[in-house]
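[1] Predicted model and sequence below, questions to follow.
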Amino acid sequence: MNKDYSDIINLPHHVSEKRPHMSMADRAAQFSPFAALTGYDAAVKETARLTEQRVELDEDEQRKVSERLSLLQSCLGEFPEVEITYFIPDMKKTGGKYSTVTGTVRKLDEYHRTLILLDGTRIPIDEIVDVDGAMFHSMDDSFS
């Protein structure tokens, strides 16, 4: 038996007529490690993702937000522009994040407890922690 491969060493490389040539990336992927624990990386990333804890407003802060929402309700025809800070609960874990949006108030829906901006943004009234805008500063100046 001949072990020096002299009988095949100079033969041309075989090219399949039925299958396309495999790219180097696909060829390398055959030998890469596989994920034995499907979803493990996603679970680790989810656990590492940070959320903020909801801050409970004291009575004075709750009263301030409530008064400003009442004032907004009475001024809706003037299309007031406000800056609303509210809490968005996380759907997968405890906590969430705070978001601040600026926009013109279209409607205060007391039945659904939602504040609706002209751009369609819906903000749950119970999640609002601050309402600010020029209309409130002019009122504060008049009380000084």
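    Done, it's in. Note that the coordinates shown come from a computational prediction; the quantities given were computed from them, not determined experimentally.
[2] Following the chain past the top strand by length along the chain, name the next helix or strand.
    Looking across the chain with DSSP state E, the single longest strand is strand 96-109. Later in the chain than strand 96-109, the nearest helix or strand by DSSP states H and E is strand 114-117.
[3] can you list contacts of stretch 107-122?
    69, 72-73, 76, 79, 84, 101, 103-106, 123-126, 128 (CB atoms under 8 Å, 6 or more residues apart in numbering). Quick note: C-beta positions are derived from backbone N, CA and C, even for glycine.
[4] and which of those is nearest residue 6?
    Ranked by distance to residue 6 (CB to CB), the contacts of stretch 107-122 are led by residue 101 at 77.8 Å.
[5] Skipping its backbone neighbours, what lies nearest that closest one in space?
    Nearest residue to residue 101 in three dimensions, chain neighbours excluded: residue 84, at 5.6 Å (CB to CB, 6 or more residues apart in numbering).
[6] All good on my end, thank you.
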